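In: 3D, please:
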Amino acid sequence: MYRKYLFFDLDGTLTDPMQGITRSVRYALRHFGIEVADLRELTPFIGPPLADSFKERYGMTDTEAETAVAKYREYYAPKGIFENEVYPGIPSLLADTAAAGCVNVMATSKPTPFARQIAAHFGLEPYFRLISGSTLDGRRTTKADVIRHALGELEIAPAKR
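Out: All right, here's what the predicted structure looks like:
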């Protein structure tokens with residue numbers, strides 16, 4: 001069955017972000033005096049919105065979680081973003097689907113500017129019609145919000161969804 005619109009998540013689907021995300025989380029936790037030796041303990045942070053994970057896993061208040069996200073980004077923006085690997089076969093998959101006329105869409109909980117930067121860095125950006133992510137100001141954070149935004153941006157009618 002042919003599908004015109006193909007939606008892809010970034011972290012854990014197109015790329016393995018384990019090192020960059022977990023190192024960034026560890027950096028943020030150190031600000032609060034929390035030490036984590038084994039980065040594998042922090043893999044549950046891959047995927048869900050960061051503030052939610054800091055609150056759920058470490059009992060942080062909203063204010064503390066905001067601070068933790070800011071600290072995370074201090075490490076992530078210049079360094080952690082590139083501590084990432086594209087899964088084997090992904091570039092050719094995206095090239096093939098785009099060449100077949102599919103509309104590839106990236107829909108990620110990662111902030112859009114970071115998602116675009118990663119896609120450009122790894123040469124994936126040309127294969128996507130749209131890269132839709134969360135917003136840095138917290139207006140769009142959930143996966144449902146991101147997908148709703150992408151559907152609106154692409155003007156996909158309900159019958160075509």
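In: only C-alpha atoms from now on, for both contacts and neighbour counts.
Out: OK.
In: and K110, that's in a strand?
Out: Yes. Judged by DSSP: H, G, I helix; E, B strand; the rest coil, K110 forms part of a strand.
In: quick one: contacts for it?
Out: Contact analysis of K110 by CA atoms under 8 Å, 6 or more residues apart in numbering lists 49, 133-134.
In: T142 reaches G47, doesn't it?
Out: No. Between T142 and G47 there is no contact under CA atoms under 8 Å: 10.2 Å.
In: which residues do those two both contact?
Out: What both T142 and G47 touch, as defined by CA under 8 Å, 6+ apart, is the set S109.
In: list the buried residues of whatever helix or strand D52 lives in.
Out: Here D52, judged by DSSP states H and E, is contained in helix 50-58. Judged by neighbour count (16 or more other CA atoms under 10 Å), helix 50-58 contains these buried residues: 50-55.
In: circling back to that earlier point, most neighbours, which of the contacts of K110?
Out: In terms of neighbours by other CA atoms under 10 Å, these top out with G133 at 28 neighbours.
In: skip the chain neighbours and tell me the closest residue to that one.
Out: Spatial nearest neighbour of G133, chain neighbours left out: T112 (4.2 Å); criterion: CA to CA, 6 or more residues apart in numbering.
In: show me where the protein has helices.
Out: 18-31, 50-58, 62-76, 90-99, 112-121, 143-153 (DSSP state H).
In: so which of those is the most surrounded?
Out: Comparing those by mean neighbour count (mean count of other CA atoms under 10 Å), helix 18-31 comes out on top with a mean of 21.
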